[in-house]
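A.B. asks: fold the following.
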Amino acid sequence: MALARLQRLGHNPIAIVGGGTGMIGDPSGKSQERTLLSREQLEENVAGVRRQLSAFLDFDAAVHPARLVNNADWLSAFDLLGFLRDTGKYFTVNYMLQKESVSRRLESEDGISFTEFSYLLLQARDFLELFDRYGCVLQMGGSDQWGNITAGIDLIRKVRAKKAHGLVWPLMKTASGVKFGKTEAGTIWLDPARTSPFRFYQFWLNTMTATSSRT
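C.D. replies: Numbers count the residues shown, from 1 in each chain. All right, here's what the predicted structure looks like:
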């Protein structure tokens, strides 16, 4: 909805889908490692995302059209040594350990794999690529993405000596305080093939909400 509002105000929103980062998994807001998806599953998800976003964003507008990009277009083109040299060299391990998504997992019993530990570098590179390719200077997301977004801001500053910005908002959570994410149990979907309109309506009608009373 934030992208839709910005488009209505004359901006060119860019929706990025994780065809590349989806093969790794973001540790943000997660107590356990995500299940890795196959390339076929990721490609199906990318196509589904565009269908859903088309209800809110205008990809065919004559003025200020929205754009959908897949980060696999650049991430899959990197070789390991090239990525470590051109991106990894700008981040210290100390910097990465200070990020909440990493520090929280380090304190857990399961810890964090090197695969997920590297996710911050991938999303930072995403912001740099969007900056170079499309002139993107603002990245938005849920509050759990703050560390990833600021990493991209730092990378742009170090590599391009330019300013970029981040905007986050509070996460939608369940009544128990758990992140309302697509991999959680009981998730509902915008796609009527996965969640019927009736079930979608009933979910919000029956969802517990915090209330306050006054005396």
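
A.B. asks: may I ask which helix or strand of this protein has the lowest mean pLDDT?
C.D. replies: Across the helices and strands of the chain, mean confidence by mean pLDDT, DSSP states H and E is lowest for helix 39-53: a mean of 80.

A.B. asks: can you show me the CA trace of that one as PDB?
C.D. replies: Backbone C-alpha positions of helix 39-53 (Å, rounded to 0.1, in the frame of the first residue of the first chain) are rendered in PDB as follows:
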ATOM      1  CA  ARG A  39      14.200 -22.700  -8.600                       C
ATOM      2  CA  GLU A  40      10.900 -23.900  -9.900                       C
ATOM      3  CA  GLN A  41       9.100 -22.800  -6.700                       C
ATOM      4  CA  LEU A  42      10.800 -19.400  -6.800                       C
ATOM      5  CA  GLU A  43       9.800 -18.800 -10.400                       C
ATOM      6  CA  GLU A  44       6.200 -19.700  -9.600                       C
ATOM      7  CA  ASN A  45       6.200 -17.300  -6.700                       C
ATOM      8  CA  VAL A  46       7.600 -14.500  -8.800                       C
ATOM      9  CA  ALA A  47       4.800 -14.900 -11.300                       C
ATOM     10  CA  GLY A  48       2.300 -14.900  -8.500                       C
ATOM     11  CA  VAL A  49       3.600 -11.800  -6.900                       C
ATOM     12  CA  ARG A  50       3.100  -9.800 -10.100                       C
ATOM     13  CA  ARG A  51      -0.500 -11.000 -10.400                       C
ATOM     14  CA  GLN A  52      -1.200  -9.900  -6.800                       C
ATOM     15  CA  LEU A  53       0.600  -6.500  -7.100                       C
END
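
A.B. asks: give me the contacts around it.
C.D. replies: Residues outside helix 39-53 that contact it (CB atoms under 8 Å, 6 or more residues apart in numbering) are 15, 17-19, 22-23, 37, 59, 66, 68, 70, 72, 190-191. C-betas here are computed from N, CA, C, even on glycine.

A.B. asks: for it, buried residues please.
C.D. replies: 42, 46, 48-49, 53 (16 or more other CB atoms under 10 Å).

A.B. asks: could you dump those residues into TSV with distance to Arg160 added?
C.D. replies: Formatted as TSV, these follow (distance: CB to CB, whole Å):
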residue	distance to Arg160
Leu42	29
Val46	28
Gly48	33
Val49	28
Leu53	28
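
A.B. asks: contacts only, for Asp126.
C.D. replies: Contacts of Asp126 (CB under 8 Å, 6+ apart): 16, 21, 71, 75, 152.

A.B. asks: for the host helix or strand of Leu128, buried residues please.
C.D. replies: Assigned by DSSP states H and E, Leu128 belongs to helix 119-134. Under the neighbour-count criterion of 16+ other CB under 10 Å, helix 119-134 has 119-131 buried.
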